[in-house]
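Novice: how would this look folded up:
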Amino acid sequence: MSYINGFKGYLQAKDKSINTVSCYVRDTKAFIAWYESRTDAGIEKVIELDLVEYKKHLQSSGEAVITINRKLASINSFLKYLKQEGIINEVIAVSVIKDKDKRQFKGLADKELWKLRNEIHREGNLMHICIIEILLQTGIRVSELVNIKLSDIKISDRKGSLQVIGKGNAKRTVPLNKDARKSINKYLEVRQDDGSDYLFIGQRGAIKRNAVNLILEGYGERIKIKVTPHMIRHTLGYNLVKKNIPITTIQQILGHESITTTNLYTQTPEDDMVKALEGLEW
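Specialist: A predicted model of the protein is given here:
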């Protein structure tokens, strides 16, 4: 593990998020452990065939394609670091798996979203209501949500905005519509003041991304649907597309570096395709 600290510094120098650095380091440690279990040759002697075998190993694990591809991306980044440092002589890399399901709609259907919002609002927990409304009305990532500070929010009678620090520490400002503003104002009336500037405060201080996942998962179990923060983000992206909002505007709202990523949100739910074909008259 002698190169891990250097690799971590390499990632931090590229302004990778804390979560990305953590994942890449963890993935790389797992790869090195696997590699060392198979050979006495140091990591300096790694070859492309090792990467191919590790890819097969991951595929046999039953993990989701998106998880495997993230692990492969971590390894590729690590190998670039080794080449930069002169530890290996040439850049080698492993190709990711083509996910045939990648372009399928991954948001919530209208009925599912209605049930989820109703369940959360009916429960009456103002922090939970604020969480779902900010996620739904702005499409921000869960990592961005938990890092919102009071100083990031500006609300007046008729408008509001939220400053978000996204991937690569890129800042963007997202407008807050009336539903988002209302949920924030109501939550602030009961928000526990522990001296922290973070918006969302739980029993042990600022809430973490895992807490948000668990909150949504709990409501999802009640109404028997799967729900994650990313699914809510995807739902907003799709609905903006359906309203014919320019793709470049959606890109700015969601904080995508590439418009190619934004295009993934244009995928159509199966129900919409069924309705489209059923409505045909020749």
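Novice: just the strands in the chain please.
Specialist: Using DSSP state E, the strands of the chain run over 153-155, 160-165, 171-175, 201-202, 205-206.
Novice: And the contacts of the last one?
Specialist: Identification of contacts with strand 205-206 by Cβ atoms under 8 Å, 6 or more residues apart in numbering yields Val146, Asp194, Ser196, Tyr198, Phe200. Where C-beta positions appear, they are placed from N, C-alpha and C, glycine not excepted.
Novice: How many neighbouring residues does the first one have?
Specialist: Here the count is done by other Cβ atoms under 10 Å, and Val146 has 19 residues near it.
Novice: Might one say that it is in contact with Ile201?
Specialist: No - with contact defined as Cβ atoms under 8 Å, Val146 does not reach Ile201; the gap is 10.8 Å.
Novice: can you list residues touching both of the two?
Specialist: Taking Cβ under 8 Å, 6+ apart as the criterion, Val146 and Ile201 both touch Ile207.
Novice: can you pull out the helices in this protein?
Specialist: 4-13, 18-38, 48-59, 65-84, 110-123, 126-138, 142-145, 178-190, 209-223, 229-242, 247-254, 259-263, 270-278 (DSSP state H).
Novice: would you list those in JSON lines and tack on distance to Arg172?
Specialist: Output for the helices of the chain, formatted as JSON lines (distance: least, Cβ to Cβ, whole Å):
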{"stretch": "helix 4-13", "distance to Arg172": "21"}
{"stretch": "helix 18-38", "distance to Arg172": "18"}
{"stretch": "helix 48-59", "distance to Arg172": "34"}
{"stretch": "helix 65-84", "distance to Arg172": "24"}
{"stretch": "helix 110-123", "distance to Arg172": "24"}
{"stretch": "helix 126-138", "distance to Arg172": "10"}
{"stretch": "helix 142-145", "distance to Arg172": "9"}
{"stretch": "helix 178-190", "distance to Arg172": "15"}
{"stretch": "helix 209-223", "distance to Arg172": "19"}
{"stretch": "helix 229-242", "distance to Arg172": "14"}
{"stretch": "helix 247-254", "distance to Arg172": "7"}
{"stretch": "helix 259-263", "distance to Arg172": "14"}
{"stretch": "helix 270-278", "distance to Arg172": "29"}
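Novice: got a markdown table for these, with mean neighbour count too?
Specialist: Converted to a markdown table, the helices of the chain look like this (neighbours: other Cβ atoms under 10 Å):
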| stretch | mean neighbour count |
| --- | --- |
| helix 4-13 | 15 |
| helix 18-38 | 16 |
| helix 48-59 | 15 |
| helix 65-84 | 18 |
| helix 110-123 | 16 |
| helix 126-138 | 22 |
| helix 142-145 | 22 |
| helix 178-190 | 16 |
| helix 209-223 | 16 |
| helix 229-242 | 20 |
| helix 247-254 | 17 |
| helix 259-263 | 14 |
| helix 270-278 | 10 |
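Novice: just so I know, which of those helices lies nearest Ser156?
Specialist: helix 178-190 (8.8 Å; Cβ to Cβ).
Novice: okay, the strands of the chain in a markdown table with mean pLDDT, mean neighbour count and distance to Cys23 next?
Specialist: Putting the strands of the chain into a markdown table (pLDDT from 0 to 100; neighbours: other Cβ atoms under 10 Å; distance: least, Cβ to Cβ, whole Å) gives the following:
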| stretch | mean pLDDT | mean neighbour count | distance to Cys23 |
| --- | --- | --- | --- |
| strand 153-155 | 95 | 16 | 29 |
| strand 160-165 | 91 | 18 | 18 |
| strand 171-175 | 89 | 15 | 22 |
| strand 201-202 | 90 | 15 | 24 |
| strand 205-206 | 88 | 15 | 21 |
